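In: Structure, please.
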Amino acid sequence: MYSLGARKFVVNNIPPAGCFPSKAIHTRPIGKCDGKINKGITFYNKSLREVLHQLQSKLPGFTFIHADLYGFLKKMRQNGSYYGKKKPKCIHHQQKFVGEIFTNIFNMQKFKKKINFKKIKLTCE
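Out: Have a look, this model is predicted:
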């Protein structure tokens, strides 16, 4: 792109994929981030920033904005109320409930049973 005349770039780093619901549902306790995945992403993101600075010093006119999506999403997860996110009621029950649903769905599919979602109810005390 630089060789075609582009000089200004916005570069996103990789978000904390270990905190994506598809990964967090498999951790214990349910909902905790997968630290192994996030550790690798953190290493990559740090290297990305260093490479961008090297490119800036080597390529005339090269400028970039580094968007820290990883840091933003981690902060939002840790302190969501700062960003307007409300804490759900009965989060422990919801996490346990979601984990049970996925386990049941997996088992039902494994044994070729039909899933009746109308019978699934969540109650909090």
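
In: going forward, measure contacts between C-alpha atoms and count neighbours the same way
Out: OK.

In: ok, and for the strand or helix carrying Y44, which residues are buried?
Out: Assessed by DSSP states H and E, Y44 sits inside helix 35-58. Buried positions in helix 35-58, judged by neighbour count with 16 or more other Cα atoms under 10 Å: 38, 41-42, 45, 48-49, 52.

In: hang on, isn't C33 packed against S22?
Out: No. Taking contacts as Cα atoms under 8 Å, C33 lies outside contact range of S22: 10.4 Å.

In: and the next element down the chain from the helix holding Y44?
Out: Helix 35-58 is succeeded, C-terminally, by strand 63-67 (DSSP H and E).

In: just the CA coordinates of the very next helix or strand once past that following strand, formatted as CSV?
Out: Next along the chain after strand 63-67, taking DSSP H and E as the criterion, comes helix 69-78. What follows is helix 69-78 as a C-alpha-only set of coordinates in CSV (Å, rounded to 0.1, in the frame of the first residue of the first chain):
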residue,chain,number,x,y,z
LEU,A,69,-8.7,-2.4,20.8
TYR,A,70,-7.2,-5.0,23.2
GLY,A,71,-6.8,-2.5,26.0
PHE,A,72,-10.2,-0.9,25.5
LEU,A,73,-12.1,-4.3,25.5
LYS,A,74,-10.1,-5.5,28.6
LYS,A,75,-10.9,-2.3,30.5
MET,A,76,-14.5,-2.5,29.4
ARG,A,77,-14.7,-6.1,30.7
GLN,A,78,-13.0,-5.2,34.0
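
In: Quick one: work out the angle between helix 69-78 and helix 35-58.
Out: Orientation of helix 69-78 against helix 35-58 (axes from the mean of the first three to the mean of the last three Cα atoms, to 10 degrees) gives an angle of 140 degrees.

In: List the buried residues of helix 69-78.
Out: 69-70.

In: what's in contact with that helix?
Out: 12-16, 82-83 (Cα atoms under 8 Å, 6 or more residues apart in numbering).

In: Adding pLDDT, neighbour count and secondary structure, write those residues out as a markdown table.
Out: A markdown table is the format used below for the contacts of helix 69-78 (pLDDT from 0 to 100; neighbours: other Cα atoms under 10 Å; DSSP: H, G, I helix; E, B strand; the rest coil):
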| residue | pLDDT | neighbour count | secondary structure |
| --- | --- | --- | --- |
| N12 | 93 | 15 | strand |
| N13 | 94 | 19 | coil |
| I14 | 93 | 17 | coil |
| P15 | 92 | 19 | coil |
| P16 | 91 | 22 | coil |
| Y82 | 72 | 10 | helix |
| Y83 | 69 | 10 | helix |
